[in-house]
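# Just a sequence and a predicted model for now, questions to come.
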Amino acid sequence: MGQAPNLSPAALATAAVVALLAAAPLCLGDNQSPTGGAWLRLRPQLYGSRDIAEGDEQLMSIEAPASTPDPAATPVVVHFGKALEGKVKQVRVIIDNNPSPLVATMDLKPGLLVDEIDLRVRIDRFSSVRAIAETGDGRLEMASTWVNAAGGCSTPPSATEGGMLGQIRFRPSSDDKALQISIRHPNNSGFQVDPRSGDFIPPHFIAHIRLSAGGQTLMEADTGISLSENPTLRIATDGALSAPVTVDATDVPTEAHFTATWQGTASATPN
Amino acid sequence: MLSAASAGASSPPPSATARSARAPLACFLAAAFYAGILATPAAALSVPAFTLTEVAPGVFVHSGKQLALDAPGHDDIANIGFVAGKRCVAVIDTGGSVRVGRRLRSAIAQRTPLPICYVINTHVHVDHLLGNAAFRDSAAKFVGHAQLGDALIRSRDVFLKDYAADLDAPPSAAQIIGPQLSVAVGSDLELDLGDRRLTLHAWPKAHTDCDLSVYDRVSGTLWSGDLLFVARTPALDGSLKGWLSVIDVLAGMHVTRVVPGHGPVRADLPAALAPERRYLEDLLTGVRAQIAKGNPMQTAIKEVDPPEKTTWLLWDATHPRNVARAYQELEWE
């Protein structure tokens, strides 16, 4: 900056803001550190004093936009490296600064060659987003990233609200190695306001998702209000996914069941 | 994130604006250190004059700056102004802070002794509406789309929290003022300013779910609100398909000039709409193709990259969000 004496005050102010945004990850304040906030409380609850290895991108990484384009629907992708493929027995995704930090706990079928799991999440404010994988032999591996956001949990229902509750869409990738599952559901967080009454809309969300193939469970996921409206889950595997894949989702508090089976085409077959 | 356009603009100081205040002070100091800046130069504190241009007799426009919504000066980015009849004045949008609303109000008082009888909001976004409180103690009636009240209630907490510095301290819900007169889709409202009637038209979901346009027949001036963006990347917060349908209708209107929500006033409405329509069509086509390929949203955000990106301001701050929004709308087709 020193070599640019002609910069206007406004440009300097702009530069300060840009630098501020760029420098955000340098700031390890009380509730913004990867070891602070909700994680400090959750860690002993979920993992006791077990060792958690961290930061080996060859094993696992997590990807999310540094500044989310849409706080109410932010894509978060967990990648597993070759060394972890088929070895992961459980993976959790946690957004430290959300009102309900635990996004999902996903138990995977032993040996399932998953190399990527995507979720679409609400992010309420600047937060660390982390994934913790547990392998079959009891090792824990963590990866984390930062997302800047505002108001994701209170964002009103989107332009796509409505539709048939519980309608399920399957979208395979062109190479059939990945399958995206979307469930039409408001996934009300309990933090959204009903404009007519002025009251909070009560929570109503998908709490459990089960994926199965040929009678075998591929994944059991406990999910919560940090999943976006119209909850979306995508899994990518090392080889082609074999149809049929059945999804069975349950919401709370109504305990409604939504189920559909992917037959290897792009359209859902409700059963 | 910030375009080159921001560097030349005169802006108020970057004193804790709501959005940048989200990071703790320590971050700001660290950032200032890394940027080699330790203090805001005093010159930045001078407030530039509030300009109002008379684009037609009795029609006055204050042009917003092309700044990002989190930049210093972000409360003065929308086109706002007023129309004067023989009897009274209608304000159209009030700016992004009570401060800007007050500056508009005093600028109006310098131009005309007539009272303000209406304050019209073209939609729910902060940059067009947070100045409303500056008109609270006037005799003006607030006017908006029938959906505006609901949209404001849903957004209120975010406004109070994230835009606190743009309201009077302490920020209060009473400063976020919804319409007393509302306009429903399908039934236009005429407002008589004295030998001058404004036609208010409420649109179906497009840029937002509460877009309202104002047409002044005397001068042939259409205030489009954010249904039309000129130069600044259009921001999608309603329905992409809905917006394209509205553009088709707008393009058939015969007007003498249009005051867009952002960007310069234009004489040729269909020509002014053309770049926006091209962008939104490219967004629609691009996102649909991504969904058809089975690509997830994050891939769509990276790959939907229309060629006209270099012609729009603030692209990086707006386009990725548009893709995310469009994806969520179109994935249920």
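Great, that's in hand.
# Tell me the residues of the stretch 101-250 of chain A that contact chain B?
Counting by Cβ under 8 Å from any Cβ of the partner chain, the residues of the stretch 101-250 of chain A close to chain B are A:118, A:120, A:125-126, A:148, A:150-151, A:154-156, A:158-160, A:163, A:167, A:169, A:171-174, A:178, A:180, A:182, A:184, A:192-193, A:195-196, A:198, A:230, A:232, A:234. Every residue, glycine included, has its C-beta placed from N, CA and C.
# What about the residues you listed, which are in strands?
Those of these mapping onto strands are A:118, A:120, A:125-126, A:148, A:150, A:169, A:171-172, A:178, A:180, A:182, A:232, A:234, per DSSP state E.
# Please produce CSV containing those residues, extended by pLDDT, distance to B:A267 and neighbour count.
Shown next, in CSV, are these (pLDDT from 0 to 100; distance: Cβ to Cβ, whole Å; neighbours: other Cβ atoms under 10 Å in any protein chain shown):
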residue, pLDDT, distance to B:A267, neighbour count
A:D118, 96, 48, 22
A:R120, 96, 44, 27
A:R125, 86, 44, 21
A:F126, 89, 44, 21
A:N148, 89, 41, 19
A:A150, 76, 38, 20
A:R169, 93, 46, 20
A:R171, 93, 45, 22
A:P172, 93, 50, 20
A:A178, 93, 50, 21
A:Q180, 95, 47, 22
A:S182, 95, 45, 22
A:T232, 95, 45, 23
A:R234, 96, 48, 23
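# most centrally placed residue in chain A?
Centroid-nearest residue in chain A: A:L119, 3.7 Å away (criterion: Cα atoms, centre = their mean).
# pLDDT score for that one?
At A:L119, the model reports a pLDDT of 97.
# Roughly how far does the nearest residue to it once chain neighbours are set aside sit from A:V129?
Spatially, and ignoring its direct neighbours in sequence, A:L119 is nearest to A:V76 (5.2 Å; Cβ to Cβ, 6 or more residues apart in numbering or on different chains). According to Cβ to Cβ, to the nearest Å, A:V76 and A:V129 sit 6 Å apart.
# Also B:L198?
48 Å.
# give the contact list for B:F229.
B:F229 makes contact with B:A235, B:P260, B:G261, B:H262, B:G263, B:E276, according to Cβ atoms under 8 Å, 6 or more residues apart in numbering or on different chains.
# Looking at the strand or helix carrying the second one now, give me its mean pLDDT.
This means B:P260. In the assignment (DSSP states H and E), B:P260 maps to strand B:257-262. Taken as a whole, strand B:257-262 has an average pLDDT of 98.
# do stretch A:193-205 as well
Average pLDDT, stretch A:193-205: 86.
# cool, stretch A:91-102 as well?
Rounded mean pLDDT across stretch A:91-102 is 94.
# now the end-to-end length of that stretch.
End-to-end distance for stretch A:91-102: 11 Å, by Cα to Cα, to the nearest Å.
# Show me how far that stretch is from its chain's centre.
Remark: stretch A:91-102 is offset 9 Å from the chain centroid, using Cα atoms, centre = their mean, to the nearest Å.
# what ranges do the helices span in the stretch 51-200 of chain A?
Here the stretch 51-200 of chain A has no helices by DSSP state H, counting those that start in this stretch.
# try chain B
Here chain B has its helices, by DSSP state H, at B:5-8, B:25-35, B:98-111, B:126-129, B:148-162, B:240-251, B:269-292, B:297-303, B:315-330.
# Out of the ones you listed, which one sits most buried?
helix B:126-129 (a mean of 27; mean count of other Cβ atoms under 10 Å in any protein chain shown).
# and the stretch 101-250 of chain B, which residues reach chain A?
Near chain A, when you scan the stretch 101-250 of chain B using Cβ under 8 Å from any Cβ, you find B:149-158, B:161-162, B:205, B:209, B:237-239, B:242.
# Closest to B:I291 out of the contacts of B:F229?
B:A235 (21.0 Å; Cβ to Cβ).
# quick one: contacts for that closest one?
B:H207, B:D226, B:F229, B:T318, B:R321, B:N322.
# got a list of what the second one touches?
B:D226 is in contact with B:78, B:122-123, B:125, B:128, B:207-208, B:211, B:234-235, B:260-262, counting by Cβ under 8 Å, 6+ apart.
# I figured B:R266 hits B:L273, correct?
No. Counting by Cβ atoms under 8 Å, B:R266 does not reach B:L273; the two are 9.1 Å apart.
# residue ranges with poor pLDDT in the chain?
As the question left the chain open, I've gone with chain A. A:1-36, A:156-162, A:265-271 (pLDDT under 70).
# wait, I meant chain B there
B:1-48.
# Can you give me the distance of A:T246 to chain B?
19 Å (Cβ to the nearest Cβ, to the nearest Å).
# I'd assumed A:T261 was in contact with that residue.
Yes. With contact defined as Cβ under 8 Å, A:T246 and A:T261 form a contacting pair (4.5 Å).
# elements contacting the strand holding B:P260?
With contacts taken as 3 or more Cβ pairs under 8 Å, 6 or more residues apart in numbering or on different chains; DSSP states H and E, strand B:257-262 sits against strand B:53-56, strand B:221-229, helix B:269-292.
# Give the partner strands of the second one in its sheet and their orientations.
For strand B:221-229, sheet partners with direction are given as strand B:212-216 (antiparallel), strand B:257-262 (parallel), following DSSP bridges.
# and those strands as a markdown table, adding mean neighbour count?
Listed next are the strands paired with strand B:221-229 as a markdown table, based on neighbours: other Cβ atoms under 10 Å in any protein chain shown:
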| stretch | mean neighbour count |
| --- | --- |
| strand B:212-216 | 25 |
| strand B:257-262 | 26 |
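# that older thread, just send the helices and strands packed on strand B:257-262 back as JSON lines, with distance to A:D222 too.
What follows is those, written out as JSON lines (distance: least, Cβ to Cβ, whole Å):
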{"stretch": "strand B:53-56", "distance to A:D222": "59"}
{"stretch": "strand B:221-229", "distance to A:D222": "41"}
{"stretch": "helix B:269-292", "distance to A:D222": "28"}
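# Can you tell me, leaving aside adjacent residues, what's nearest to A:G239?
A:L113 is the one closest to A:G239 (Cβ to Cβ, 6+ apart), at 6.5 Å.
# Next, give phi and psi for the one you found.
phi -80, psi 70 (degrees, to the nearest 10).
# what sits against the residue nearest to the centre of chain A?
Counted by Cβ under 8 Å, 6+ apart, A:L119 has contacts A:P75, A:V76, A:V93, A:V103, A:A104, A:L227, A:T232, A:L233, A:R234.
# Dig out what it forms beta bridges with.
What pairs with A:L119, by the bridge criterion (DSSP bridges), is A:V76, A:L233.
# same thing with B:H201?
Applying DSSP bridges, one finds that B:H201 bridges with B:S213.
# was I right about it contacting B:S213?
Yes. If you go by Cβ under 8 Å, B:H201 and B:S213 touch, sitting 5.0 Å apart.
# one step back: closest to A:Q216 out of the contacts of B:A235?
B:R321 (39.7 Å).
# Just list the residues touching the closest one, thanks.
Applying Cβ under 8 Å, 6+ apart, the residues near B:R321 are A:P69, A:D70, B:A235, B:L236.
# Show me which of these are buried.
Neighbour-count burial (16 or more other Cβ atoms under 10 Å in any protein chain shown) is assigned, among these, to A:P69, A:D70, B:A235, B:L236.
# Give me the contacts around stretch A:197-207.
A:183, A:185-194, A:222-225, A:227, A:231, A:249-254, B:153.
# can you give me how far that stretch is from the chain middle?
With Cα atoms, centre = their mean, you get 20 Å for stretch A:197-207.
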